[in-house]
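In: Could you work out the structure for the sequence below:
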Amino acid sequence: MNGPHGIAGELPRPGELRIHFGAAPGVGKTFAMLCEARRRRDRGTDVVVGLVETHGRSKTAGLLEGLEVLPRRRVRRGEVVVEELDVSAVLARRPEVVLVDELAHTNVPGSGHPKRWQDVQRVLEAGIDVLSTVNVQHLESLNDVVEKITGVRQQETVPDEFVRRAAQIELVDITPEALRRRMAHGNIYRADRVDAALVNYFQVGNLIALRELALLWVADEVDVALQRYRADKHIRETWETRERVVVALTGGAESETVLRRASRIAKRAGQADLLAVHVLRGDGLAGAPVGATGALRTLADDVGASFHTVVGDSGAEGVTGALLEFARGVNATQLVLGTSRRSRFARLFDPGIGARVVRESGSIDVHMVTHPAAGTALQLPRIRSNVPGGRRLLGWGLAVFAPAAATGVGGALQSVIGLSTDVVLFFLATVVAALVGGLGPALLAALLGGLFLNFFLTPPLYSLTIGETENVITLVVMLLVAVLVALVVDRAARRAEQAVRARTEAALLASFARTVLTRSDPLPRLLEKVREAFGLRGVALLERAEGAGAGGVGWGRVATSGPPECGRPEDADVDVEVEPGLHLVGSGRSLPAFDRRLLETVGGQALLALRSQRAAADAVRATRRAELNDTRGALLSAVGHDLRSPLTSIKAAVGSLRDPLLRLSGIDRAELLETVEESADRLSGLVGNLLDSSRLASGAVEPLLERVGYDEVAAGALLGLPDAARVVLEIGEDLPDVSADVGLLERVVANLVDNALRHGGGAPVVLRASAYEGRAELRIVDSGPGVPAKARDHLFAPFQRLGDRDATTGVGLGLSVARGLTEVMGGALTAEDTPGGGLTTVVSLPIAGQTGRAARSEATTTVPGRVGDVVPADRVR
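Out: Below you'll find the predicted structure:
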């Protein structure tokens, strides 16, 4: 049979949730939902009403006519019958769309789910679309806000996240005055409740505030949808749908002034969003002072701004690009910067970041904020070479030596070569200095070469006077060649450095990813690798505790490596925000910007590892809960019968013995007493297995390991078993002792032998033992019907009796308890086929000593009740 959204046998796609959202009761949510249902029905959609509350409103009830209404589930609470949504009826009917009113409703105790939104979630998982309603006061995040406004605390709430997952949220809005008129006309509450509602909850001020909350909440959701659309469509232009102010902070003394000014601009713009951003340069220069990032974050929290850190490429162009890219990415309408601290003289060489931002901002309005530090710093443009230090030092030497050598060669061969050859030699000296040392040595070589060429080799000799214009051109060209070659060398060195760093980063990221993917608990090892790779003293992953404020209190360490020095992000030398409320921090030194960029990527891997670890822990807990539920159900179904049977036998036997009208012979009384004894033994064994199973499940069994032999354990285990005469011991005297708890091992052997006796078909049961590779094995061999290979995996599961349901078999815990006790002692219990038919259970335990046991007394004694079973006399219990 085909479902509404898929073919039978396939998992249905989740249904879509559409919510009609309002500010207060009576705005028309249910009315709008029913109108939507009728429109879908008219289009041919299979629509049913799961639960709709009309509250006696005739117009609302009239819209139900013509719609299929499912029966409700009726629950009796004392003298009152409560009607709830019948989820089973909805799933059985499987419509395309179902109407479920009042999403935040609390179900009566004993329902399948505590809340109606959980019922809706179950329906959605079945692939059925849902139309529902909810008011703003029922949102979990706004519950306390609504209480302050109205003085009424809402007991029924729905998580915001569940509402946000709705495919559509439709705002049903009405003005406060119109809502109060609707109330006065009796269209919302009964006449006897109207006056009280109008002077309490439905005051104009309350309704205005609730309406604003609803509008703002929906506006936020619309903004999230817009951002998602812009990201999907790769739209970078600013859409001025709402005011959003971005303020750029440097970490300097002016940051507080600029941020407070930006806060005032945001407030005057109508409570616009305020985002503070700190841009780090990719070359690690001009960064904020150590510890300034934490102070900036605290300052941003104080004025209600969100704090962000981005990394730009090297140089002012990179910082400008990163800042504008961030502003366009968040759809900012205004950008606030502090004016440059550089002097006018410095700005002649480089206009600065502010001027570049103004020039490239496009449709974003830019505010330049003055401050006391503006224009006070003299900063000439920084000339920085990417050539390694050793090569630069060699370049400076060549810058002096190469022009001197060219001068010497030109002077020595003055009669052979001309001025043009001298110029070529000096060009060569300049190029060599540029190739080795970069721009600085190249300029020095060009200047020295020009001076030497003019003074020693250009007429008039030994004078700095240049007699011909051609020689002037030669000197200028030398300087240009030096600069151009040096720039090429510098760019090549920069590219080589970037390539080496990229290879190193790729290797580090691959190592980090391998740690996350291959380890079951990757966080400690990942943080250890981070600490080693970045040379930090300590690394920690901090998570804000639930309910903690934004002031930095309430942080907990999820994982650490090294000394736990950082308890808050503000105390760290390195702080990377992985996500809100989760920070990767380090201590020992501050990191340059390019290392921070790599660390941000590592933070994402740490978040992935943390989520994977918690998901695995949740899965383990869920599996364990499911196993416990299965065990509890099996226990209730099995114990009910197996406890009742021996109790019934005991009661019947004791009743017969106490009946004064019943004359019993001595033989009859003995049989009845034997029945009581056997039933009591069965009860004792059943209770013992149940207690052992409970102790094993809770991990309360702690074995006391000692040296013990299989022969003495077997003798003790057989003492209380019926039909022990059918047991044959074939355990050699030279078998090594094993390391085990004597009492637990006796219980294991007793359970296994008892199982073999009951299912062995009346044939003898043989106990054999052998030693192999540091372990000793005890085999309990029977010749019964055996167990099919497919069923052998379930043999040691609790409450498994493989179809045997007679009253004497117990609840099926014996083998489960035996395996649990064996594993507690460090051993293993397995099952295998008996050659010729039957089942052999194998107990494998580690050998206590590799040498054979000391010689024992040769005296033997026969165990009472056993035929042909001989054990050493000093081992009998």
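In: taking the mean pLDDT, what do you get for stretch 14-32?
Out: The pLDDT scores in stretch 14-32 average 92.
In: chain center to that stretch, what's the gap?
Out: In terms of C-alpha atoms, centre = their mean, to the nearest Å, the gap separating the centre of stretch 14-32 from the centre of its chain is 33 Å.
In: Can you tell me the element the residue positioned nearest the centre of the chain falls in?
Out: Centrality entry for the chain: nearest residue to the mean C-alpha point is Arg611, 1.5 Å, by C-alpha atoms, centre = their mean. If you go by DSSP states H and E, Arg611 is part of helix 593-658.
In: partner residues bridging Val100?
Out: On the basis of DSSP bridges, Val100 is bridged to Leu51, Ser132.
In: ok, it - how many residues close by?
Out: Per other C-beta atoms under 10 Å, the neighbour tally for Val100 reads 24. Where you see a C-beta, it was placed from the backbone N, CA and C, and this is true even at glycine.
In: Help me confirm that it comes into contact with Leu51.
Out: Yes: A contact is recorded between Val100 and Leu51 when judged using C-beta atoms under 8 Å, the distance being 5.6 Å.
In: Which neighbours do those two have in common?
Out: With C-beta atoms under 8 Å, 6 or more residues apart in numbering applied, the overlap between the contact sets of Val100 and Leu51 consists of Leu85.
In: For the closest residue to Glu565 other than its chain neighbours, give me the backbone phi and psi.
Out: Sequence neighbours aside, Ser587 is the residue nearest to Glu565 in space, at 4.5 Å (criterion: C-beta to C-beta, 6 or more residues apart in numbering). Main-chain dihedrals, Ser587, degrees, to the nearest 10: phi -130, psi 150.
In: Ser679: what secondary structure?
Out: Put simply, Ser679 is helix when judged by DSSP: H, G, I helix; E, B strand; the rest coil.
In: ok so, going back, what sits against the residue nearest to Glu565?
Out: If a contact means C-beta under 8 Å, 6+ apart, then Ser587 has Leu536, Arg537, Gly538, Val539, Gly562, Pro563, Glu565, Cys566, Asp571, Ala572, Asp573, Val574 as its contacts.
In: of the residues you listed, buried ones?
Out: Burial by neighbour count, 16 or more other C-beta atoms under 10 Å: within those this picks out Leu536, Gly538, Val539, Gly562, Glu565, Cys566, Asp571, Ala572, Asp573, Val574.
In: got those residues as TSV, with secondary structure and pLDDT columns?
Out: Putting the buried ones among the contacts of Ser587 into TSV (DSSP: H, G, I helix; E, B strand; the rest coil; pLDDT from 0 to 100) gives the following:
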residue	secondary structure	pLDDT
Leu536	coil	85
Gly538	strand	87
Val539	strand	89
Gly562	coil	82
Glu565	coil	75
Cys566	coil	78
Asp571	helix	77
Ala572	coil	81
Asp573	coil	80
Val574	strand	82
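In: Quick one: residues contacting Leu124.
Out: Shown here is Leu124, whose contacts under the criterion C-beta under 8 Å, 6+ apart are Pro14, Gly15, Glu16, Leu17, Val130.
In: hmm, try it at 7 Å
Out: Leu124 makes contact with Pro14, Gly15, Leu17, Val130 under the criterion C-beta atoms under 7 Å, 6 or more residues apart in numbering.
In: Is the last one in a helix, a strand, or coil?
Out: Recorded secondary structure, Val130: strand (three-state DSSP).
In: Find me the pLDDT at it, would you?
Out: Reading off the per-residue confidence, Val130 sits at a pLDDT of 95.
In: contacting residues around it?
Out: Gly15, Leu17, Val98, Val100, Val120, Val123, Leu124.
In: nearest residue to the second one other than its sequence neighbours?
Out: What it means is Leu17. Here the residue nearest Leu17, using C-beta to C-beta, 6+ apart, is Ala166, at 4.3 Å.
In: Make sure the one you found is actually in contact with Ile19.
Out: Yes: in this structure Ala166 lies within contact range of Ile19 using C-beta atoms under 7 Å: 4.7 Å.
In: who has more neighbours, these two?
Out: More neighbours sit around Ile19 than around the other of Ala166 and Ile19, counting by other C-beta under 10 Å; the figures are 26 against 19.
In: does the more buried one sit in a helix, a strand or a coil?
Out: The three-state label for Ile19, taken from three-state DSSP, comes out as strand.
In: From Gly603, how far out is the residue of the chain most remote from its centre?
Out: Farthest-out residue of the chain from its mean C-alpha position, per C-alpha atoms, centre = their mean: Ser415, at 82.1 Å. Relative to Gly603, Ser415 is positioned 72 Å away (C-beta to C-beta, to the nearest Å).
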